[in-house]
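Asks: Below are the sequence and a predicted model for it; my questions follow.
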Amino acid sequence: DGGITQSPKYLFRKEGQNVTLSCEQNLNHDAMYWYRQDPGQGLRLIYYSQIVNDFQKGDIAEGYSVSREKKESFPLTVTSAQKNPTAFYLCASGDRLYTQYFGPGTRLTVL
Amino acid sequence: RKEVEQDPGPFNVPEGATVAFNCTYSNSASQSFFWYRQDCRKEPKLLMSVYSSGNEDGRFTAQLNRASQYISLLIRDSKLSDSATYLCVVQGDTGSARQLTFGSGTQLTVLP
């Protein structure tokens, strides 16, 4: 089946730890995105990538890093520099008309 | 002023009712418009794109008013399964892969 997968579904992080969230898509989309959603708020863009080996910061990139070594994969690392990382993280890929399709998300909690 | 504004609700309506949501946007250069649906603790799912001429998909009708910079979503004959949060999404300039701006969502509960 075509789609976007994210793993893990739930993730717990201790203070000072880096953690990596996985995002994979088999829709053959060039563009991929990472968003963060906090309760009662809209999605905020962390990073995006329009093509392999290239990515740009979004509105709230501080404390996060990404890589885009393959078209299908766009992992997000939440570093210890991110002071308030507890949130729902959503990965999306975008078609040529810029319509975005989302993965099921990862809920990150800091212990 | 927020770039995309929605009434957060909640809207509580009985089954079979008609309900309408509005969304305003601040960037007059916005090119594309969408409604997404998000169930509790799930990812947003595309409900429909919004075209200048308006468009309809079954019980759902979307309208765009560029002059007043708002879009609307009308749901007729509401079902219990329509209960969700509806996100208004606006895309900025064409040619940019990134400029989607999401509203905070309008919560709808359809009551039996």
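Replies: Perfect, thanks for sending it. Numbers count the residues shown, from 1 in each chain, chains lettered A, B, ... in the order given.
Asks: Every contact and neighbour count from this point should use C-alpha atoms.
Replies: OK.
Asks: check which helix or strand covers the nearest residue to residue A:60 once chain neighbours are set aside.
Replies: Nearest non-adjacent residue to residue A:60, counting by C-alpha to C-alpha, 6 or more residues apart in numbering or on different chains: residue A:46, 5.0 Å away. Using DSSP states H and E, the element containing residue A:46 is strand A:44-51.
Asks: if we can go back for a sec, may I have the residues that are in contact with the residue nearest to residue A:60?
Replies: A:33-36, A:57-61, A:64 (C-alpha atoms under 8 Å, 6 or more residues apart in numbering or on different chains).
Asks: now with 6 Å?
Replies: Contact partners of residue A:46, counting by C-alpha atoms under 6 Å, 6 or more residues apart in numbering or on different chains, are A:34-35, A:58-61.
Asks: wait, which of those is closest to chain B?
Replies: Chain B lies nearest to residue A:58 out of the contacts of residue A:46, by C-alpha to the nearest C-alpha, at 8.0 Å.
Asks: Residues of chain B that sit close to chain A?
Replies: B:43, B:102-104 (C-alpha under 6 Å from any C-alpha of the partner chain).
Asks: Most neighbours among those, which one?
Replies: residue B:103 (26 neighbours; other C-alpha atoms under 10 Å in any protein chain shown).
Asks: wait, doesn't that one sit right on residue A:42?
Replies: Yes: if you go by C-alpha atoms under 6 Å, residue B:103 and residue A:42 touch, sitting 5.4 Å apart.
Asks: follow-up on the earlier one: quick one: which two of the residues of chain B next to chain A are the most distant?
Replies: Among those, the pair separated by the greatest distance (C-alpha to C-alpha) is B:43 and B:103, at 14.7 Å.
Asks: so what's the residue positioned nearest the centre of chain A bridging to?
Replies: For chain A, the residue nearest the mean C-alpha position is residue A:34 (3.2 Å; C-alpha atoms, centre = their mean). Beta-bridge pairing for residue A:34 (DSSP bridges): residue A:47, residue A:91.
Asks: Whatever helix or strand comes next after the strand holding residue A:46: partners in the sheet, and parallel or antiparallel?
Replies: Using DSSP H and E, the helix or strand that follows strand A:44-51 in sequence is strand A:54-57. Applying DSSP bridges, strand A:54-57 is found paired with strand A:44-51 (antiparallel).
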